[in-house]
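Engineer: Pasted the sequence and its predicted model underneath.
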Amino acid sequence: MQIKKRPLLQLLSYLFILSQLFLFSYADVGTAAQYSPPYLPTACYGDDQSHFPSSNLFAAAGDGIWDNGASCGRQYLVRCISASQPGTCVTDQTVQVKIVDYAPTAQSPPSAQTATIVLSETAFAGITNKPVGSINIEFQQV
């Protein structure tokens, strides 16, 4: 009895191609800074603080993710991957933040200009061990 190898090879080829179409989404890489109170008013919600998460894990969008205001309310997973000072990043720590403002117009200036995302003090402290101006991050919209 002879086994037909061609249909099996075709099936494996199709499965491989199909698997490439359904790859898990990858995170983007950028920079993060931090900002301090006052956080109000915001470009997204004005003086309405009810949009701020009670965990204080929120952020202001930089130009790279602002999307003409469409980023308001979006949530991102953010992880510190490196910084200018060794030991700054908390290993394997991720925070989920909600965009509540636009960084260039935020009430409080960010610790570094042109950051991809500017994290609240609480969010920044959640992924770093040391006070620094900016960090390199991986981020992904959820």
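Structural biologist: The structure has been received and is ready for your questions.

Engineer: Dihedrals phi and psi, the closest residue to Asp47 other than its chain neighbours?
Structural biologist: Distances taken as Cβ to Cβ, 6 or more residues apart in numbering place Pro41 nearest to Asp47, at 4.8 Å, with adjacent residues excluded. Every C-beta, even on glycine, is put in place using the N, C-alpha and C of the backbone. Phi and psi for Pro41, reported as degrees, to the nearest 10, are phi -80, psi 160.

Engineer: ok, now Tyr39?
Structural biologist: Dihedral pair for Tyr39: phi -100, psi -10, per degrees, to the nearest 10.

Engineer: thought the residue nearest to Asp47 was touching His51?
Structural biologist: No - counting by Cβ atoms under 8 Å, Pro41 does not reach His51; the two are 11.5 Å apart.

Engineer: Any buried residues in the helix or strand hosting Val100, and which?
Structural biologist: Assessed by DSSP states H and E, Val100 sits inside strand 94-102. In terms of neighbour count (16 or more other Cβ atoms under 10 Å), strand 94-102 has its buried residues at Thr94, Val95, Val97, Lys98, Ile99, Val100, Asp101, Tyr102.
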